[in-house]
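Asks: Here is my input; please provide its structure:
(chains A and B)
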Amino acid sequence: MVTLKINGKSHTVEASPDMPLLWALRDLLGMNGTKFGCGVALCGACTVHLDGIPRRSCVMPVSAAAGHSITTIEGVGATATGKRVQQAWLDLEVVQCGYCQSGQIMAAAALLAKIPAPTDTDIDHALSGNICRCGTYPRIREAIRRAARKPATAKKEG
Amino acid sequence: MGQMSRRQLLFTGAAAGGGFLLGLHLEALPRVLAATAKGTQTDFAPNAFIRIGKDGRVTLIMNQVEMGQGTYTSMPMLIAEELEVGLDQVHLEHAPPNDKLYANPIFGDQETGASTSVRAFYEPLRRAGATVRTMLVAAAAETWSVDTASCRARRGVVTHTPTGRKLSYGALADKAAKLPVPAQVALKAPKDFKLIGTPAKRLDTPAKVNGKAEYGIDVRLPGMKIATVAASPVVGGKLVSVDDAKARAIKGVRQIVRLDDAVAVVADHMWAAKQGLAALDIRWDDGQHGKINTADVVEGLAAAAQTPGVVVRNEGDAPAVLAGATNKLESVYEVPFLAHATMEPMNCTVRLSSDRCEIWTGTQVITRAQGGAARVTGLPLDKVEVHNHYLGGGFGRRLEFDIVTQAVRIAQQVGGPVKVIWTREEDIQHDVYRPYYYDRMAAALNAQSQPVAWMHRIVGPSIIARYLPAAFKNGIDIDGVDGAAQLLYDIPAIRVEYVRHEEPALNTGFWRGVGVTHNNFVIESFVDELAAAAKQDPAVFRRALLRKSPRAMAVLDIATQASGWGKPLPEGRGRGVSVLFSEWGSYLAEVAEVSVSKAGEVRVHRAVCAVDCGTVVNPDTVKAQIESGIVFGISGALWGGVTLKNGRVEQSNFHDVRVMRINETPAIEVHLVRNLEAPGGIGEPGTAVTAAAVSNAVFAATGRRIRKLPLENQLRSA
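Replies: Numbering: from 1, shown residues only, chains lettered A, B, ... in the order given. Modelled structure (predicted):
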């Protein structure tokens, strides 16, 4: 039994300590927003936050996640930065197939929480681990810039 | 050996593009409009695409699947434009499998691919919307005993203009349902469009930014097990034995399923299934392909390329002109097998009982998947239900339903529902790959350095012969020659040949950009070679040959001007251009700007693309698709290539299937030409036009002409 604190709530799951957090989320808790892409931390589709730091849940054992505050795509909108990022994604029509976008948004939200006004190099470093086969990268970059410009309290633009 | 005129070819050839359109579409349309899709008795549903509830809820049934290309917005736009509802007022539903109601007229079955959705449904869906609106207006006019001409529909409400009386669609649904379906309805003139041609917000995005969008892989059923699979690493190989003692000892592993060509580990969750799979000791009989290497494939193609092919297009006497020419060029081009690597790995969930098969998956071919499951189970089609989902990438991979039949075969041995998920490794090594093509090119230039003869011999397997046999006529694979048969350059002698050469060691199929992706690389690289031989600027050289193709010339001009073509670049950089026209009916020109490091790494700094796809439904989607296609195309051109060793695919995950990442992505500009020409395809051309632009830019930057993809392999092997 492992207790995980996810999006502010405690969940107890029957998982072996080495089970990657990804499968605990998806198969044990039914939280499907976090995606399986490669299983070996090469694509970033499974990105979640552990105490605000972006981590690949496909290679993170639940034993390492226990005791930390886990945020997933289902919960990131409750944070000011996460909400801003999601809105920027919608404003700029970033999404295509959408499968990788949970991971992209989690990576972007973590970046902006750490660096409120990231440079292009900062964006490259923070997002280069997240593959998008639809090639939405130009819009991802633009959406991060937009989310960075827009303070959390700003009114929605026309 | 059959020979077809260009006109004949273009018509027949449209089977991959638009050819069945006319025939099937006129025939299918009345059926579509007369039929009712899964509507309840109380709903107004005079056709298979629209349902209006008494509560006013407007549901649109989506037969073309959403895999990122924006179909779930463009199709609703077509309907809503004529139905007179706002996009904010509609609810979308995935269509069930039903070729009678939902066939894509271009293929004859319910299929999303080959950049056809808008081309195929531009008129039928507007007509569907107009029919329903006409009936609702008639119901209102009858209620008020007024002339229909005095009524206007807008945003789901009919208003009697002179008196201002209003009735909502919901209030009219009952009455409208009792009215006859009009045989003919008037469609709006484009000048009256309120939605079509505007950058409408996508309808699928809100659920895709908060984790709520449901893909096939997200299906959960009570009592469901999770399975993962190892199929024979060699095509045609068989399972000999499997030692599963270690796998069975893993907590959560429930069952080991043996198929004749695969083993599946069934477990409580994917983690146990994956561990179980890794713990299996499997022995395979590789069969006849167990010794095949990539070099063997190339050898076979090269040998086949020595024989003349079926003549696809023949104008003038190119062989004679070449034989007598003093200034001629000959080149061989090769493009590799390519994996699709959709972000969502292949998956399918099945619940099987003796008299019913339920399937949950994301597929581009829902009725083919249904048929496949029916064949495996022996059940009639109406006992096989398929529930479609958002696709986590398609790119042609989900035009195949191998995952569905495999999952059903596994389910036959599992008591209860089972979700089969391939690991990324299984996905890369059991793809249905873009074929390896081998092309021989020859051209002659006259004394004025103008091309006077062009020969293009395409050698590769026929996907169409397997996939759409009715369209495989006279030995010509209309997809394999797409883009080559329609060569726009004004050259007096043109001969295009096709040599079918199958490669049984690897399954091959459609990959984004299909046949055009390969042909455009070959053609536009070779044209660049001719320009260099003629000592002319590549854009100027092309322009002179496009005199008779004003739309192609226009996009070439826009792309070159916007890219600053001819203006000085920093040291080490080069620009390359590529022009595309094919059965999709869209004209594109792209200018890529690159630099190449000493180690042979290519950096694409900028890509400028001009697009004339005729009538535009959603301009932002068109731009997004071009951006997407360019990124996909660069990945393939620079790094793509699956290789075989002893019949096995050597690559396995994103460490050796390299795809573009954000830090490698160029600045991309898309310039859209707006006109009222027939809509052209847009999901794939951006991919197809890109490789040549990049390769030509590499030539401009380095003087190195690359005739074999992927580019970086060649640049490194220098």
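Asks: tally of neighbours for the residue of the stretch 1-150 of chain B found nearest chain A?
Replies: For the stretch 1-150 of chain B, the residue closest to chain A is B:Gly68, as judged by C-beta to the nearest C-beta, at 3.2 Å. The way it works is simple: take the backbone N, C-alpha and C, and place the C-beta from them, glycine included. B:Gly68 has 31 neighbours, counted by other C-beta atoms under 10 Å in any protein chain shown.
Asks: Repeat that for the one 4 residues further on.
Replies: Burial of B:Tyr72 is recorded as 21 neighbouring residues (other C-beta under 10 Å).
Asks: before we move on, what about B:Lys567?
Replies: 7.
Asks: With B:Thr307 instead?
Replies: Neighbours of B:Thr307 using other C-beta under 10 Å come to 11.
Asks: what do you get for B:Ser331?
Replies: That count, for B:Ser331 with other C-beta under 10 Å as the rule, works out to 15.
Asks: Helix, strand or coil: sort out the residue lying closest to it once chain neighbours are set aside for me.
Replies: Closest residue in space to B:Ser331, ignoring its immediate chain neighbours: B:Met441 at 4.7 Å, by C-beta to C-beta, 6 or more residues apart in numbering or on different chains. Three-state assignment for B:Met441 (DSSP: H, G, I helix; E, B strand; the rest coil): strand.
Asks: wouldn't B:Met441 be in contact with B:Leu322 here?
Replies: No: if you go by C-beta atoms under 8 Å, B:Met441 and B:Leu322 don't touch, sitting 11.1 Å apart.
Asks: show me what contacts the residue of the stretch 1-150 of chain B closest to chain A?
Replies: Taking C-beta atoms under 8 Å, 6 or more residues apart in numbering or on different chains as the criterion, B:Gly68 is in contact with A:95-98, A:134, B:391, B:393-394, B:628.
Asks: got those residues as a markdown table, with pLDDT columns?
Replies: Shown next, in a markdown table, are the contacts of B:Gly68 (pLDDT from 0 to 100):
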| residue | pLDDT |
| --- | --- |
| A:Val95 | 98 |
| A:Gln96 | 98 |
| A:Cys97 | 98 |
| A:Gly98 | 98 |
| A:Cys134 | 98 |
| B:Leu391 | 98 |
| B:Gly393 | 98 |
| B:Gly394 | 98 |
| B:Ser628 | 98 |
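Asks: Helix or strand for the residue in chain A positioned nearest to chain B, just tell me which one.
Replies: Nearest residue of chain A to chain B, counting by C-beta to the nearest C-beta: A:Gly33, 2.1 Å away. Counting by DSSP states H and E, no helix or strand carries A:Gly33.
Asks: got a list of what the residue nearest to B:Ser331 touches?
Replies: B:329-333, B:455-457, B:522, B:526.
Asks: any idea how far it is from chain A?
Replies: Distance of B:Met441 to chain A, given as C-beta to the nearest C-beta, to the nearest Å: 29 Å.
Asks: wouldn't B:Phe49 be in contact with B:Ile61 here?
Replies: Yes: with contact defined as C-beta under 8 Å, B:Phe49 counts as touching B:Ile61 (5.3 Å).
Asks: what about these two, which has more around it?
Replies: Comparing B:Phe49 with B:Ile61 by other C-beta under 10 Å, the one with more neighbours is B:Phe49, at 32 against 24.
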